[in-house]
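Participant: coords below, sequence missing:
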């Protein structure tokens, strides 16, 4: 018999990573003693509950510990976990397929300047990520629930595939039955960080138009953690 995996709450993963990976405000309301060390670290990092620290991915990041043996493994493992939690827990096969797709373009791109951006742009062009960036959902998991229940349309066609790629000029709208839910999400998110420039969003009619091709330079400040994309590509290219 196949052994059932024990469900692990999302917030417990934040304790291991010592970061509020999805910018959840709810975590600041936890009062149990086991959360105190993490909360003190987050408040010291952000200096207030309202301020959210964003990381510049265009500069080099140097971790506190040196890259030796288990420390290097730990750094790569934490990077992989942060990426998976932020984008909604993909399978190993899905991530490897996307790395292979990006590396096929290696001959036509400069590896150091464009491979990383191409990898991130694949995930940023997904419909669930775009809904999250527009603050129509509190997390990518919320966005996938909207999509699976048939509440999202692209070019007036209902979709139920959260991995659907949105292209330049596509028109996204939300079923009127879910407008009250979206307005509640918007009131909780406070629309921070600001949505990327390539999205034209109407917050009255809950519609989105993708104005231009998704560019990595427009979203490098939209992560609440520093993401070592190069180590991710190496890990899934083994």
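Facilitator: Sure thing, it's come through. Since we're looking at a predicted model, the values are computed, not measured. Numbers count the residues shown, from 1 in each chain.

Participant: so what's the closest residue in space to residue 216 that isn't next to it in sequence up against?
Facilitator: With Cβ to Cβ, 6 or more residues apart in numbering as the criterion, residue 216 has its nearest non-adjacent residue at 3.5 Å, and that residue is residue 117. Where you see a C-beta, it was placed from the backbone N, CA and C, and this is true even at glycine. The contact partners of residue 117, by Cβ atoms under 8 Å, 6 or more residues apart in numbering, come to 215, 216, 217.

Participant: could you rerun that using 10 Å?
Facilitator: 57, 102, 109, 124, 214, 215, 216, 217, 219, 220, 229 (Cβ atoms under 10 Å, 6 or more residues apart in numbering).

Participant: same deal with residue 139?
Facilitator: Residue 139 makes contacts with 10, 21-24, 85-86, 88, 128, 132, 145, 185, 189, as judged by Cβ under 10 Å, 6+ apart.

Participant: quick one on the thing from earlier: now do the residue nearest to residue 216 against residue 24, distance only.
Facilitator: With distances defined as Cβ to Cβ, to the nearest Å, the gap from residue 117 to residue 24 amounts to 27 Å.

Participant: after the helix-or-strand element of the chain with minimal mean pLDDT comes which helix or strand?
Facilitator: Within the chain, confidence by mean pLDDT, DSSP states H and E is lowest for helix 111-124 among all helices and strands, at a mean of 77. Using DSSP states H and E, the next helix or strand after helix 111-124 towards the C-terminus is helix 127-133.

Participant: after that following helix, next one along is what?
Facilitator: According to DSSP H and E, the helix or strand after helix 127-133 is helix 140-148.

Participant: neighbouring strands for the helix or strand following that following helix, and are they parallel or not?
Facilitator: Note on helix 140-148: by DSSP H and E, the next helix or strand toward the C-terminus is strand 152-154. The strands that strand 152-154 pairs with in its sheet are strand 157-158 (antiparallel), strand 171-174 (antiparallel) (by DSSP bridges).

Participant: deepest-packed of these, please.
Facilitator: Among the strands paired with strand 152-154, ranked by average contacts under mean count of other Cβ atoms under 10 Å, first place goes to strand 171-174 (a mean of 18).

Participant: and the next helix or strand past that one?
Facilitator: Moving toward the C-terminus from strand 171-174, the next helix or strand (DSSP H and E) is helix 179-189.

Participant: what lies in contact with the next helix or strand after that next one?
Facilitator: Scanning the chain past helix 179-189 towards its C-terminal end, the next helix or strand to appear is strand 199-202 (assignment: DSSP H and E). Around strand 199-202, the neighbours that count as contacts under Cβ under 10 Å, 6+ apart are 130, 133-136, 166, 171-173, 191, 195, 207-212, 214, 218.

Participant: at 6 Å what do you get?
Facilitator: For strand 199-202, contacts defined as Cβ atoms under 6 Å, 6 or more residues apart in numbering pick out 134, 195, 208, 209, 211.
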